[in-house]
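Peer 1: coords below, sequence missing:
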Ligand SMILES: C[S@@+](CC[C@H](N)C(=O)[O-])C[C@H]1O[C@@H](n2cnc3c(N)ncnc32)[C@H](O)[C@@H]1O
């Protein structure tokens, strides 16, 4: 999250560039308790095996994948706003996993499962083709510095692969507060032949996406936020 203080490791040639750096994070006692008590039910182990979503959620419902949910505030709100959808959230940062589990427990949310693993590998190994009705990528790490831009998640090869996992008619919703990244996302998604923009350029914020505290503060300071909503053809 705080790339100013992060120190991306050298990339050995055989390893793909990651969109995140794993950093130690302090866990609060509530997060530790939530991990211990709710982790076994709501955290799915990463496996090289297709996820059986009907068995996982005990029903068949539209499935939304969220990549990089951070502390999970938007994830929990959206899952409550859309109780007829099921949500799989991927996040590598353990305190975030603990924080979302805490919200799941406090609000008794049943339609979220978490995979604490790189979403690129989760997509490849656990999510079938055309399995997703929607994908949420909210405020992906902007990797501001030019030499770090290559770490940005939303790039053409990633999107070409991602769309294979979305059903025809399903959607990809991205949001960012960093204008150069918004421009990159707009270019990349517009150039992907399997996607169609639902707006002429940037979209209005869909009602289901809550304003985060961070975002509200930014808006008060006059900072912009750009939503992009594309449909799979
Ligand atoms: C800037 S934060 C935004 C978090 C949250 N979406 C929000 O709006 O507050 C980006 C998050 O994406 C996570 N992330 C980045 N790349 C990821 C990947 N490949 N798989 C899973 N999580 C990832 C990071 O750990 C970080 O928590």
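Peer 2: All right, it came through fine. Being a predicted model, the structure only gives us computed values, none of them experimental.
Peer 1: what are the ranges of the helices in the protein?
Peer 2: Assigned by DSSP state H, the chain shows helices spanning 29-42, 53-57, 73-81, 94-107, 119-126, 156-164, 179-191, 213-220.
Peer 1: So what's the residue count around residue 122?
Peer 2: Neighbour count of residue 122, defined by other C-beta atoms under 10 Å: 20. Any C-beta I mention is one placed from the backbone N, CA and C, and that applies to glycine too.
Peer 1: Against residue 38, how distant is it?
Peer 2: Look at residue 122 and residue 38: by C-beta to C-beta, to the nearest Å, they are 20 Å apart.
Peer 1: got it, and residue 197?
Peer 2: Taking C-beta to C-beta as the criterion, residue 197 is separated from residue 38 by 38 Å.
Peer 1: in the sheet, who's paired with the closest residue in space to residue 56 that isn't next to it in sequence?
Peer 2: Spatially, and ignoring its direct neighbours in sequence, residue 56 is nearest to residue 113 (5.9 Å; C-beta to C-beta, 6 or more residues apart in numbering). Beta bridges link residue 113 to residue 88, judged by DSSP bridges.
Peer 1: which residues touch residue 68?
Peer 2: Neighbouring residues of residue 68 by C-beta atoms under 8 Å, 6 or more residues apart in numbering: 19-20, 90-92, 119, 137-141, 153.
Peer 1: Number of residues surrounding residue 92?
Peer 2: Neighbourhood size, residue 92 [other C-beta under 10 Å]: 18.
Peer 1: nope, residue 194 is what I was after
Peer 2: Around residue 194 there are 15 other residues, counting by other C-beta under 10 Å.
Peer 1: Now do the contacts for it.
Peer 2: Neighbouring residues of residue 194 by C-beta under 8 Å, 6+ apart: 160, 163, 232-233.
Peer 1: Equivalent analysis for residue 101, please.
Peer 2: Here residue 101 is in contact with 31, 34-35, 38-39, 42-43, 114 (criterion: C-beta under 8 Å, 6+ apart).
Peer 1: per-residue confidence for the closest residue to residue 57 other than its chain neighbours?
Peer 2: Using C-beta to C-beta, 6+ apart and skipping residues adjacent in sequence, the residue nearest residue 57 is residue 86, 4.6 Å away. Residue 86 is assigned 98 on the pLDDT scale.
Peer 1: quick one: residue 86 and residue 165, what's the gap?
Peer 2: As defined by C-beta to C-beta, residue 86 lies at a distance of 15 Å from residue 165.
Peer 1: picking up where we left off before, check the contacts of residue 68 against the ligand, which are close?
Peer 2: The residues of the contacts of residue 68 that also fall near the ligand, by C-beta under 6 Å from any ligand atom, are 19-20, 90-92, 119, 138-141, 153.
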